[in-house]
Structures are given as structure tokens and as C-alpha cells.
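Asks: Got a sequence here, can you build the structure:
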Amino acid sequence: MKHLLGPQARWLRWRGLPLLVLLLTFGLSVAYWERERSQELAAQRLALDTALRDTSQRVEQRVAAHEHLLQGVQGFLTAMPEADSAALRRYVDTLPLGADFAGLQGIALAERRGYAAPLLQIEPALPRNNAALGLDLLTQPAARRALEQAQDSGRLALSPKLDLQQLQLGQGPGFLMVMPIYRSGLPHATVTERRANLRAWVMAPVAAPTLMASLYGERPPGLALQLYDDQQLLEPALLHSSGDRPAAPLGQVREYLVQGGHTWTLVLEAGPGFAARQGLAGTGSVLWAGALLGLLLALLAWLLGTARARAQGLAEQMTQALRESEQRWSFALEGAGDGVWDWRPRERTMSSSARWKTIMGLRPGRPEPLVEELQALVHPEDLPRATAELQRCLDGLVPSLVSEFRVASGHDGHPGWNWVLCRGTVVERDAQHKPLRMIGTLSDINARRLSEERVRFMALHDPLTELANRAHFDERMHFALANARRYNESLGLILLDLDRFKPINDQFGHAVGDQLLQTVAKRIKSSVRETDTVGRIGGDEFVVLLTGPVTRETAQLVADKIFNQVALTMELSGARIEITCSLGLALYPEDGADELSLTKAADDAMYRNKRDGRKLMGGSPQTRDGYKDGQ
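Replies: Numbers count the residues shown, from 1 in each chain. You can find the predicted model right below:
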């Protein structure tokens with residue numbers, strides 16, 4: 001019997017135990033890799049969804065800018081039914097057609113003549129635009145659909161995909177944005193009235209490739225973009241493709257955009273470059289590290305099996321050392337390049353790496369700090385929350401500690417606060433479940449937090465003037481109107497347009513033009529209260545929301561102050577420049593009960609003042625010369 005068991009015991013020592021260790025370690029590595037891979041895919045999906053949401057918002061903002069432009073032309077033609085082609089041409093020439101209107105091929109007017117809708121005028125009057133004059137749009141099925149939809153709804157309508165070159169309205173694939181114009185003074189509340197009293201359509205042909213190309217500088221690298229007409233991802237419905245689609249996409253997301261009663265499908269596909277830029281391409285090293293660790297452990301088991309005399313004495317020490325090594329190795333994988341710490345609450349002792357001390361603002365060579373010293377380094381506003389999160393982990397209420405807080409960074413002579421991310425877990429407890437040992441990592445996330453705050457700020461503000469952008473201003477206006485309705489208060493809206501800004505921009509250059517816009521923005525902000533909101537909604541267009549108790553007299557005083565501040569002489573890059581502005585004032589609820597009517601009233605007032613000779617509203621100072629060069 002002893003002779004039979006001897007070879008089996010030798011086989012277990014020489015081959016069985018190392019093989020078992022190798023298989024077990026590899027199995028754990030695979031399980032860990034699968035977990036990390038699933039987290040990586042989830043993070044990649046989140047980043048892709050964020051990029052899709054940002055891209056769709058930018059597309060909607062571009063379309064909204066075009067819609068606002070058409071609304072201005074619609075309001076002009078409705079308010080001035082006697083306006084001829086020359087008047088329309090002059091009006092279009094004054095529009096600030098900048099980068100926000102990429103893809104716009106022109107502003108066209110089609111008149112309703114029985115069952116025909118010929119194009120009567122296209123501005124600007126370029127040779128490529130004049131070729132389409134006289135075209136009956138009702139004979140074009142896609143254009144007819146948009147015209148009828150705009151006629152019956154009374155709102156903006158978008159056509160399906162069009163070949164603009166075939167219609168001689170531009171180059172490549174695109175679409176028409178159409179708004180109706182009804183006969184002045186006649187009702188158009190119902191579909192029947194709209195059909196009976198329709199006078200014309202104002203429209204804008206838009207080239208989809210040029211529109212989407214204006215977003216390229218904002219799209220994250222490694223992403224391929226396609227825009228389809230309707231909800232079917234078919235080649236004939238493709239409006240635009242970035243042309244860099246990956247052969248094997250790592251992920252695809254889509255979103256449906258409803259614009260002017262028409263549905264588009266926006267598709268983003270992620271390539272390897274996107275995952276690499278997001279820092280999500282490192283899980284492959286886990287398997288290599290697990291295989292290497294398995295080989296090392298198998299070799300260790302083989303050595304233990306062959307060193308029978310030493311194995312018994314070294315087994316417990318090696319097992320304990322191996323357990324601690326695996327715990328530190330797991331955290332090192334998760335927080336590579338970050339600080340590592342090891343805390344024993346009962347003994348009130350801590351050991352930490354040099355990187356941990358650097359992140360905490362301590363000298364790397366100094367002795368280990370006490371808990372009281374660490375608490376003094378944490379920002380007073382973050383200390384109660386961080387302490388509560390640590391206590392919940394020590395009490396076993398949560399499996400691990402994940403806490404973000406600020407620590408002092410003034411050890412180098414530059415006082416301040418840095419954001420850090422502390423992760424940890426209790427790895428040893430006594431019989432009463434009291435914590436004996438806790439280990440973790442510390443990451444410097446200050447750059448990430450500052451970047452997130454900057455991104456949040458830029459999403460709501462104009463990058464040049466740092467005033468509220470259109471989306472942020474609309475949100476503030478919606479909230480202010482709701483508050484005014486609830487508490488029966490009044491508020492004011494001022495629209496402001498700089499006079500003859502384009503000649504200044506052309507003469508002195510875009511750099512001086514940008515400085516002028518920044519100076520005007522500062523002067524407008526200095527003219528209103530902290531509770532009021534100032535926004536930039538176009539190239540040289542600004543808007544002011546006056547909240548709180550507002551009367552027409554107090555609003556007029558604010559408008560006068562803005563006008564006078566803007567008209568002050570500016571010294572920009574050695575040039576002495578003077579500029580004036582045209583303002584329009586509307587009050588809630590006298591001039592409008594909602595955003596649309598209030599904006600239209602202010603817009604009408606501004607253009608009325610501009611048409612009357614760029615004078616401020618009743619009794620205000622006369623405007624000065626457009627600009628001077630200081631000589």
C-alpha cells in the first residue's frame with residue numbers, strides 16, 4: 001500500500017499542486033478581466049452616449065439658428081407686406097450670416113399662385129442662385145411636402161432629402177427649411193384659414209455636408225458620424241457621412257432628431273482611437289499580468305513541493321505574504337500611478353507611498369502623518385462628508401470607500417486646493433467585526449474636475465464673451481416667466497443689435513472685431529444688476545433679461561444706460577473706435593405672455609428703432625457716427 005501511494009504523492013508535489021495553482025490563478029485572472037472588461041464597455045458606452053448627446057445638441061443649435069434667421073425674415077415680410085425685392089435684399093444684407101449659419105445657400109421667396117409656387121427671389125443674388133428663379137416648387141414632391149406642411153401648421157417645416165444641385169439651389173444633398181407668410185390682417189388660426197390666406201413662403205436651402213462640417217472641430221476624435229433622413233439607415237437616405245467609418249466599430253449609438261416636423265437619425269460609431277483617448281484600452285494587460293502571476297505562483301508551489309523539509313515552516317508565512325501581495329496587486333492594477341496607503345485603525349498607524357504624500361501635499365521623506373494631521377489638510381467644506389463616508393466603510397455599511405474631496409496644496413508656496421479621489425476597503429476585521437486593517441489608493445483628479453467645470457461652463461456660455469448662450473438664456477427666460485406668472489410680477493426683455501459692425505470688422509480685422517464684442521459685453525453687464533441675465537445670441541446680437549419688479553420707466557433707464565455705455569469711445573489695438581446700437585424693449589405681460597410673443601415684440605421694436613434711424617426708444621440720445629479710427 002505504501003509502495004502504491006508513494007508515486008501518487010510525488011506526482012501531487014511535482015505536478016498536481018503547481019498545475020492546480022496555475023489553473024486557479026488563471027481562472028481568477030479571467031474572472032477579473034471579464035469584470036474589468038464589462039466596466040470598460042460600460043464606460044465606453046457612457047462616453048459614446050455623452051458624445052452623441054453633445055453632437056445632437058450642436059446640430060439642434062445649428063438648425064435653431066437657421067430657424068431664428070427665417071423667423072426674422074418672416075416677421076419682416078409680415079410686418080411690411082408692401083416690401084419689394086430691393087427691400088428684402090437690403091434686409092438680408094444686414095443679417096449677421098456668420099459661422100452659425102454654415103450650409104445656408106441663401107434666403108428664397110416663393111409666391112402662392114393658384115396651384116403653383118414659383119421662386120421669385122433668392123438672396124444673395126448670385127449667378128448660381130438666379131438659375132433657380134421661376135422654378136415651381138409644387139412640382140417637386142419633396143419640396144411640395146414641406147410647403148404644404150408649413151402652410152397647414154403655420155410653423156417651420158423641413159423637407160426630405162433633396163438634390164440641391166438638381167434644383168440649382170446649391171451643391172450636394174441637403175434640405176429646405178420653409179416658413180409660411182400669411183396675408184396681413186387676415187385670420188390664420190385654423191388649417192382652412194391658413195390655406196385660404198397664405199400669401200407666400202420664405203425658405204432656406206441648406207447643404208447638409210457643409211452644415212455638418214462646421215461641427216468637426218467639436219467632435220471627439222475616433223468617432224464616425226452619419227446623418228440619415230427619416231428613421232431608416234439606408235444609403236439613399238444618407239444626408240452626410242464623416243467618411244472615416246471604422247471597419248469594425250467598437251460601438252454604435254443613434255438618436256432621433258425631430259426638426260420642423262421631420263425626423264432625422266444621427267448615428268455615431270466608435271473606433272479604436274476613441275477608446276484609446278478615453279483611456280479604455282488597457283484591460284488586455286490584465287490577462288498577461290494574470291498569466292505571469294500564475295506562472296510565478298506555480299513555480300513557487302513547485303519549489304515548495306520539492307523543498308519538503310522547508311515547506312512546513314514557510315507555508316503560513318508565504319500564504320500570508322501572498323494574500324497581502326495579491327491585495328496590493330489588485331489595487332495597483334486599479335490605481336496605477338496613484339498613491340497607495342495602508343492604515344491600521346486600532347494601532348492608529350499608517351504606511352503610505354511617496355506618491356501618496358506628494359498628492360496630499362506632504363514631503364515624500366517625512367514621517368507618516370497622524371489622523372489629526374490629515375483632517376487638517378482636508379477642505380473644511382468637504383471634511384464632514386469625507387469623514388462620514390469613511391465611517392460608513394469602517395462600519396461595514398458599504399463594501400468600499402470612494403470619496404472625492406479637496407486637500408491643501410500650499411506646501412510649494414502657492415496656496416490652493418486640489419481635488420483627490422480616495423478609494424479603499426477594509427481587508428481585515430476582528431471577531432466583533434471591528435476594522436483592523438484598511439488599504440487603498442489616492443488619485444489626483446484636479447485636472448479632471450477643472451476640465452469638467454470648464455466644459456459645464458462652456459456648454460452654457462458664449463466662448464468669446466462668456467455671456468449666456470442661446471440655450472442657457474432660453475432656460476433662464478423660461479424660469480423667469482414661470483416665476484413672474486406665479487408671483488404676478490413683471491419682467492423686461494431688451495434686444496440689442498450693433499450698428500454697422502460689419503464695416504468695422506472688415507476694416508480693422510476679426511481680432512479687433514472680437515475685442516469690440518468683448519468690450520460691448522462687459523459694458524452691457526456693468527449696466528445691469530447681478531440678478532439680470534445678459535446673453536449673446538448671434539454675431540453682433542445681444543439680449544438682456546430684466547427680472548424682479550420692472551416698470552417701463554425703470555426698463556427704459558436701463559436701456560438708456562446700455563446705449564450710452566456702448567456708445568463710449570473704445571481704444572482697441574491702437575485704433576479709436578465708436579459704435580452705436582439699436583435696442584428693442586418689451587415688457588411682460590403688457591407686450592407678450594410667453595417667450596415667443598415677448599421676443600417678437602422686442603424684435604419688432606428693435607427693427608422699428610433701427611428703421612427709424614438707429615435712435616433709442618422715445619427721448620433717448622441720438623446715435624453718433626458709426627465708427628472712427630481715432631485719427
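Asks: OK, contacts around Arg448?
Replies: Trp419 (Cβ atoms under 8 Å, 6 or more residues apart in numbering). Where C-beta positions appear, they are placed from N, C-alpha and C, glycine not excepted.
Asks: which SS class is it?
Replies: With DSSP: H, G, I helix; E, B strand; the rest coil as the basis, Arg448 sits in helix.
Asks: So which elements touch the strand or helix carrying Trp264?
Replies: Taking DSSP states H and E as the criterion, Trp264 maps to strand 262-270. Contacts defined by 3 or more Cβ pairs under 8 Å, 6 or more residues apart in numbering; DSSP states H and E place strand 262-270 against helix 17-79, strand 223-229, strand 251-259.
Asks: And those: which comes nearest Leu362?
Replies: In terms of Cβ to Cβ, the element of those nearest to Leu362 is helix 17-79, at 31.2 Å.
Asks: ok, back up a step: tell me the most buried of the helices and strands packed on strand 262-270?
Replies: strand 223-229 (a mean of 22; mean count of other Cβ atoms under 10 Å).
Asks: Return the list of strands paired to it, each annotated with direction.
Replies: Strand pairing for strand 223-229, determined by DSSP bridges: strand 238-241 (antiparallel), strand 262-270 (antiparallel).
Asks: Switch the ones you listed over to JSON lines; also include mean neighbour count, mean pLDDT and distance to Asp84.
Replies: JSON lines is the format used below for the strands paired with strand 223-229 (neighbours: other Cβ atoms under 10 Å; pLDDT from 0 to 100; distance: least, Cβ to Cβ, whole Å):
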{"stretch": "strand 238-241", "mean neighbour count": "20", "mean pLDDT": "85", "distance to Asp84": "35"}
{"stretch": "strand 262-270", "mean neighbour count": "21", "mean pLDDT": "85", "distance to Asp84": "32"}
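Asks: Reformat those as CSV; add distance to Ile439.
Replies: Below are those laid out as CSV (distance: least, Cβ to Cβ, whole Å):
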stretch, distance to Ile439
strand 238-241, 50
strand 262-270, 35
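Asks: closest to Ser443 out of those strands?
Replies: strand 262-270 (25.0 Å).
Asks: now Leu498, which residues is it bridged with?
Replies: Judged by DSSP bridges, the bridge partners of Leu498 are Cys581.
Asks: Can you give me the neighbour number for it?
Replies: 22 (other Cβ atoms under 10 Å).
Asks: who's in contact with it?
Replies: Counting by Cβ under 8 Å, 6+ apart, Leu498 touches 520, 540-541, 566, 579-581.
Asks: So which elements touch the top strand by length along the chain?
Replies: Scanning the chain for the longest strand, with DSSP state E as the assignment, gives strand 417-429. Identification of packing neighbours for strand 417-429 by 3+ Cβ pairs under 8 Å, 6+ apart yields helix 308-334, helix 383-394, strand 401-408, strand 435-444, helix 446-460.
Asks: can you rerun that using 7 Å?
Replies: If contacts are counted by 3 or more Cβ pairs under 7 Å, 6 or more residues apart in numbering; DSSP states H and E, strand 417-429 sits against helix 383-394, strand 401-408, strand 435-444, helix 446-460.
Asks: what separates Ala484 from Gly535, distance-wise?
Replies: 18 Å (Cβ to Cβ, to the nearest Å).
Asks: More neighbours: those two, which one.
Replies: Neighbours were counted for Ala484 and for Gly535 using other Cβ under 10 Å; Gly535 has more, 24 against 17.
Asks: so of the helices and strands packed on strand 417-429, which one's packed in deepest?
Replies: Among those, strand 435-444 has the highest mean neighbour count (mean count of other Cβ under 10 Å), at a mean of 20.
Asks: Just give the strands next to it in its sheet, each with its orientation.
Replies: Looking at strand 435-444 with DSSP bridges, its partner strands are strand 339-344 (antiparallel), strand 417-429 (antiparallel).
Asks: Next, the angle strand 401-408 makes with the longest one.
Replies: Orientation note: strand 417-429 sits at an angle of 140 degrees relative to strand 401-408 (axes from the mean of the first three to the mean of the last three Cα atoms, to 10 degrees).
Asks: what about strand 417-429, distance to the chain center?
Replies: Taking Cα atoms, centre = their mean, to the nearest Å, one finds strand 417-429 lying 31 Å from the centre of the chain it belongs to.
Asks: Out of the strands paired with strand 223-229, which is closest to Gln149?
Replies: Between Gln149 and these, the tightest spacing by Cβ to Cβ is seen for strand 262-270, at 8.3 Å.
Asks: hmm, who's touching the closest one?
Replies: Residues outside strand 262-270 that contact it (Cβ atoms under 7 Å, 6 or more residues apart in numbering) are 44, 48, 51-52, 55-56, 59, 158, 222-231, 233, 245-246, 249-257.
Asks: give me every residue that touches the residue lying closest to Arg385 once chain neighbours are set aside.
Replies: Nearest non-adjacent residue to Arg385, counting by Cβ to Cβ, 6 or more residues apart in numbering: Phe405, 7.2 Å away. Neighbouring residues of Phe405 by Cβ under 7 Å, 6+ apart: 378-379, 382, 386, 420.
Asks: Any quick PyMOL command for the buried ones out of those residues?
Replies: Those of the contacts of Phe405 that count as buried under 16 or more other Cβ atoms under 10 Å are selected in PyMOL with:
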select buried, resi 378+382+386+420
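Asks: What residues are bridge-paired with Thr265?
Replies: Tyr228, Tyr256.
Asks: Against Pro435, how distant is Val427?
Replies: Taken as Cβ to Cβ, the span from Val427 to Pro435 is 9 Å.
Asks: Just the terminal-to-terminal distance for stretch 458-471.
Replies: For stretch 458-471, the separation between the terminal residues is 11 Å (Cα to Cα, to the nearest Å).
Asks: any low-confidence regions in the stretch 501-631 of the chain?
Replies: 613-631 (pLDDT under 70).
Asks: As a check, name the ranges of all strands in it.
Replies: Assigned by DSSP state E, counting those that start in this stretch, the stretch 501-631 of the chain shows strands spanning 533-536, 541-546, 570-572, 575-577, 581-588.
Asks: Give me the neighbour count for Glu347.
Replies: Neighbours around Glu347, by other Cβ under 10 Å: 9.
Asks: Report the distance from the helix or strand where Ala143 lies to the chain centre.
Replies: Element membership of Ala143 [criterion: DSSP H and E] is helix 141-153. In terms of Cα atoms, centre = their mean, the centre of helix 141-153 is found 33 Å from the chain centre.
Asks: Could you do stretch 221-240 as well?
Replies: Worked out by Cα atoms, centre = their mean, stretch 221-240 lies 21 Å from the chain centre.
Asks: Contacts for it next, please.
Replies: So stretch 221-240 is contacted by 51, 55, 160-161, 173, 208-209, 212, 219, 241-242, 244-246, 256, 263-271, 273-274, 277 (Cβ under 7 Å, 6+ apart).
Asks: And stretch 537-546, by the same measure?
Replies: 96, 98, 470, 473, 476-477, 480, 491-498, 501, 517, 524, 528, 532-536, 555, 558.
Asks: Report how far apart the opening and closing residues of it are.
Replies: Stretch 537-546 stretches 16 Å from its first residue to its last (Cα to Cα).
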